[in-house]
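Colleague: what follows is a predicted structure for the sequence shown.
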Amino acid sequence: MHSPPMPLASASLWTTAWQQLRRNRLAMVCLGIIVFYALVAVYAEGVYWFYRLRQQTPPYKVVEFESRFAQPSWRHPLGTDSLGRDVFRQVVQGTRIAFEVGILTSLIAIPIAVLLGALAGYFGKRVDDLIVWLYTVFDSIPGLLFILAIAIVVGKGLLGVCLGIGLTTWVGLCRLIRGEYIKHRDRQYVLAARVIGVSDWAIMFRHILPNVLHLVIISFSLRFPGAILTEVVLSYLGVGVQGEPSWGIMISDAKLRLWQGHWWELAGATTAMFFIVLAFNLFGDALRDALDPKLRTAEAKTA
Amino acid sequence: MCCFRPLLRVVAVLLAAMGSLRVEAIIPARQNAAFYGSTERIRGFDPVQTGDTTSAAAVSKVYEGLYEYKYLARPYAVRPLLAEALPEISADALTYTIRIRRGVRFADDPCFPGGKGRELTAEDFLYSWKRLADTRNRSTGYWIFEGRIVGLDEFHKRSIKEKVRYDEPVEGLQVLDRYTLQIKLTQPYPQLIWVLTMTYTFAVPREAVEYYGEEFLNHPVGTGPFVVADWRWRNYRIVYARNPNYHGDTYPTEGEPGDPLEDAGQPIPFLNRITEYVVGDDSTEWLMFLSGQLAASGISRNNFDAVITAQKDLTPELKVRGIRLYKSPRMYTTYLGFNMDDPVVGKNQKLRQALACAVDIEKWIAFYNHRMVPATGPIPPGVAGYDPAQPSPYKFDLDRARRLLVEAGYPGGKDPQTGSRLTLTMEIGNASDPETRQAADLLASFFDRIGVELKPSYNNWPEFLKKLERRQAQMFQLGWLIDYPDAENFLQLFYSKNASPGPNHCNYANPEFDRLYEQIRVMQDSPERTAIYQRMAGLVVEDCPWIFLTHPLSFGLFQPWLKNFKPSDFPYPNMKFYKVERHP
């Protein structure tokens, strides 16, 4: 029988999880890749703001028309595109956009999911009915079309994409959180807190939330690559990021000339996307294994 | 033409762009002067319903109008077809008297007594034009006469409420005798001659309309060189045969240097049969052309590079097969428009000139595969008033652009008051096309070189047009395809009374220009009028409400055995001049 995690055990949960993760070599490689991408994104963000504040054209936008469709070389490690812009620099900037989208959508979706899930699970009854109805409705709308609709209403661009993805992808996490809150709301530590007069709000977010936070972290690491892919699809369709390099725009541009053997633009964008998405997925899996005590014991049993 | 709605134009442009590929695609048979061609699905053969190029091409084989474009002459000129001569115009330019050719008979058809085709008379045009005005016929073409012919608008309005009879007199449309037609205009309309070449005005016999009723659409009875021989499988093919009653015509005897003139003066048509298949797929059509089934083909953007070398020549593989390439300018101008109501760009002529000088047009053209020639003004090649020798005063010159920018009050592209960079927004109509997006980035890089930032804003077509109509755009990218070969059609885009929501989307207003426009609007074609056209174009070039970009070229291919082929902006009736030689 598994004993329910005690409030005190939560600190050791993180420590043991980290120890387990460190033993998982693949997870550590993935973490390394993620950190590397994150550093690249930070660097790209710095480049972006440096040139924006100085009101100059950033190097990744510099058109060298004479050297368009240049093959990869020392000067252009991934060649140049149809306007002679450096593909490598655009891939780097694409990383920035990918991280912005991943983080911003999470900042939108996760608070919605946690708040609604907590309210529904903790209060139950009418509140639960309402929230369950709400997320069922959201869930029944085809995802990509919904995102497209929001992106078009809000206006094309990064904001539209982030709102679109953020407002449509909270349902899964919301369900999980609601389930956890239903489990926790009658636990002894919650009852004890209620007896000594702690407010509902404090119980929900100071007592129960730390016990379900691992779900949020797992969800974050798994939804991140999804958001990146969705952004790429939207940009490919022309409703995504405007005027900034995005992997989706690069792929869309590259397809025009692919059959003529200009492979580098497509290769650059897809390779960059492939590794970050793979790393996040593998790391997210490992994180779930490490953080979810039930899975851990199941693993221990099978081992 | 202030009455044209922009949306209609856009649709027309799109249709023309799609149709131009189709119309030129004709497949020859191996012998006996029979053709195999490709077409789009044809809606029907009612001249009043020919808003698209495919229908126009079909209708033009069977029906005819009073006038047509000379096959080989450029700039385009009109010659009589069913008329005997060019119209006699009264001194006030309000009355046109047109004599009809005698002895022209409609094709034999059961709708006529005894099945024998009747002779064409002036009454037939009266009848046909009243049909055009009758709203029950749902014509898209009434704009050509709207507000122009005395009494016809009243007839048109009445037909909305009640069933009109075509015997009712209309003051502006009179028959003087069996072969003479008189048109009375509300104001001079020098473009009337061009309008009378359009399929909307073609003559249909009253007997056929009444005999076939709703089915008239599928039973054309005309005076043209061909009749419809077989159209049972309408989504599969349509067969035309030579019209035995055809009044006869001859191949032109003069043209431009290099024009096909081996058959000068020979009777037309040369073809006995035309079979057109509804192909409906670009790659299928392309493969049919390569396998020798098609005589001519357009070149889609996707296989342009596979067909044309970097030197804008045919690839050797196609050359050895004798396939010929044609390039011809289209009467089409692409431009960047400024909204003259905008406080930044609208009130600052030097700024607009500076931006015009910053556009590196050679690179722009290179980006588009060299499928266009640079524009120096609004008037495209092929139209009287176009002057290729006249260099644009604001051609690409970075130093000059920077100097003009200083004069405009933005040294180095910076606003001295705020110290920040001048940022302009350009509206673009087709959001999801990667090529358009890259082109916008290229434009942005041109302006970046003089320090001005250009932000493209992508819209879909309806959004884009709405922004233009509401005058919300700062800059926009657009093109204009001519409706008839008269520079007036371009110059009306700068007439202040045509401002948005009219076609003058830059909301340009210049009293001098307006005065000249009102003058030429009622002038007949003459060297004086052409001189005024050039003056007006000069005014516009100096004021820079547009940055003139290019005149796109049309590219196409044809097989060595197709003779007498000449590309045209108005190709609809031209098949009667084509000839097929025996396949080698």
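Modeller: Ah, there it is.

Colleague: I'd say residue B:62 and residue B:218 touch.
Modeller: No: contact between residue B:62 and residue B:218 fails when scored by Cβ atoms under 8 Å: they sit 11.8 Å apart. (Glycine included, C-beta is placed from N, CA and C.)

Colleague: now the helices for chain A?
Modeller: A:9-23, A:25-53, A:87-123, A:125-140, A:143-154, A:158-168, A:171-184, A:188-195, A:200-202, A:209-237, A:247-257, A:264-291, A:293-302 (DSSP state H).

Colleague: and the closest residue to chain B within the stretch 1-150 of chain A, how far from residue B:440?
Modeller: The minimum distance from the stretch 1-150 of chain A to chain B, using Cβ to the nearest Cβ, falls at residue A:63 (3.6 Å). With distances defined as Cβ to Cβ, to the nearest Å, the gap from residue A:63 to residue B:440 amounts to 12 Å.

Colleague: would you mind telling me which of the two has the busier surroundings?
Modeller: Taking other Cβ atoms under 10 Å in any protein chain shown, residue A:63 and residue B:440 do not tie; residue A:63 has more neighbours (25 against 20).

Colleague: doesn't residue B:182 lie inside a strand?
Modeller: Yes: with DSSP: H, G, I helix; E, B strand; the rest coil as the criterion, residue B:182 is located in a strand.

Colleague: for chain A, see how far away the residue nearest to it when sequence neighbours are not counted is.
Modeller: The shortest distance from residue B:182 to any residue that is not its chain neighbour, by Cβ to Cβ, 6 or more residues apart in numbering or on different chains, is 4.4 Å, and that residue is residue B:174. Summarising the geometry, the distance separating residue B:174 from chain A, computed by Cβ to the nearest Cβ, to the nearest Å, is 55 Å.

Colleague: neighbours of residue 265, how many?
Modeller: Looking at chain A here, since you left the chain open. What residue A:265 shows, counting by other Cβ under 10 Å, is a neighbour count of 26.

Colleague: meant chain B actually
Modeller: The local packing count at residue B:265 equals 9, with neighbours defined by other Cβ under 10 Å.

Colleague: any idea how far it lies from residue B:85?
Modeller: Going from residue B:265 to residue B:85 by Cβ to Cβ gives 20 Å.

Colleague: with residue B:59 instead?
Modeller: Per Cβ to Cβ, residue B:59 is found 24 Å from residue B:85.

Colleague: between those two, which is the more surrounded one?
Modeller: Set residue B:59 next to residue B:85 and count neighbours by other Cβ under 10 Å: residue B:59 wins out with 28 against 10.

Colleague: so the more buried one touches residue B:51, yeah?
Modeller: No: Residue B:59 is not in contact with residue B:51 according to Cβ under 8 Å; the separation is 11.0 Å.

Colleague: hang on, the earlier thing: now do the contacts for the residue of the stretch 1-150 of chain A closest to chain B.
Modeller: Neighbour list for residue A:63: A:83-85, B:441-442, B:445, B:448 [criterion: Cβ atoms under 8 Å, 6 or more residues apart in numbering or on different chains].

Colleague: quickly list what's touching both of residue B:62 and residue B:218.
Modeller: The contact lists of residue B:62 and residue B:218 share residue B:45, where a contact means Cβ under 8 Å, 6+ apart.

Colleague: if you count surrounding residues, which of those two has more?
Modeller: Looking at residue B:62 and residue B:218 with other Cβ under 10 Å, you find the greater number of neighbours at residue B:62, namely 22 against 14.

Colleague: and that one, what does it touch?
Modeller: With contact taken as Cβ under 8 Å, 6+ apart, residue B:62 is in contact with B:45, B:107, B:220, B:222, B:224, B:226-228, B:240, B:243.

Colleague: go on, residue B:121?
Modeller: Neighbours of residue B:121 in contact, by Cβ under 8 Å, 6+ apart: B:100, B:175, B:178-179.

Colleague: now do 10 Å
Modeller: Contact criterion Cβ atoms under 10 Å, 6 or more residues apart in numbering or on different chains gives B:100, B:102, B:104, B:127, B:175, B:177-181, B:203, B:205 as the residues in contact with residue B:121.

Colleague: ditto for residue B:328
Modeller: With contacts defined as Cβ under 10 Å, 6+ apart, the neighbours of residue B:328 are B:74, B:381-382, B:553-556, B:566-569.

Colleague: turn those residues into JSON lines, columns for neighbour count.
Modeller: Converted to JSON lines, those look like this (neighbours: other Cβ atoms under 10 Å in any protein chain shown):
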{"residue": "B:74", "neighbour count": "19"}
{"residue": "B:381", "neighbour count": "19"}
{"residue": "B:382", "neighbour count": "19"}
{"residue": "B:553", "neighbour count": "21"}
{"residue": "B:554", "neighbour count": "20"}
{"residue": "B:555", "neighbour count": "19"}
{"residue": "B:556", "neighbour count": "19"}
{"residue": "B:566", "neighbour count": "19"}
{"residue": "B:567", "neighbour count": "19"}
{"residue": "B:568", "neighbour count": "20"}
{"residue": "B:569", "neighbour count": "22"}
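
Colleague: isn't residue B:423 right up against residue A:52?
Modeller: No: with contact defined as Cβ atoms under 10 Å, residue B:423 does not reach residue A:52; the gap is 11.7 Å.

Colleague: which one of the two is surrounded by more residues?
Modeller: Comparing residue B:423 with residue A:52 by other Cβ under 10 Å, the one with more neighbours is residue B:423, at 15 against 10.

Colleague: next one, pLDDT for that one please.
Modeller: Looking at residue B:423, its pLDDT stands at 91.

Colleague: give me the beta-bridge partners of it?
Modeller: residue B:453 (DSSP bridges).

Colleague: now for residue B:59 and residue B:51: what residues contact both?
Modeller: Overlap between the neighbourhoods of residue B:59 and residue B:51 consists of B:199-200, taking contacts as Cβ under 10 Å, 6+ apart.

Colleague: who's in contact with residue A:128?
Modeller: Residue A:128 sits next to A:119-122, A:178, A:181-182 when contact means Cβ under 10 Å, 6+ apart.
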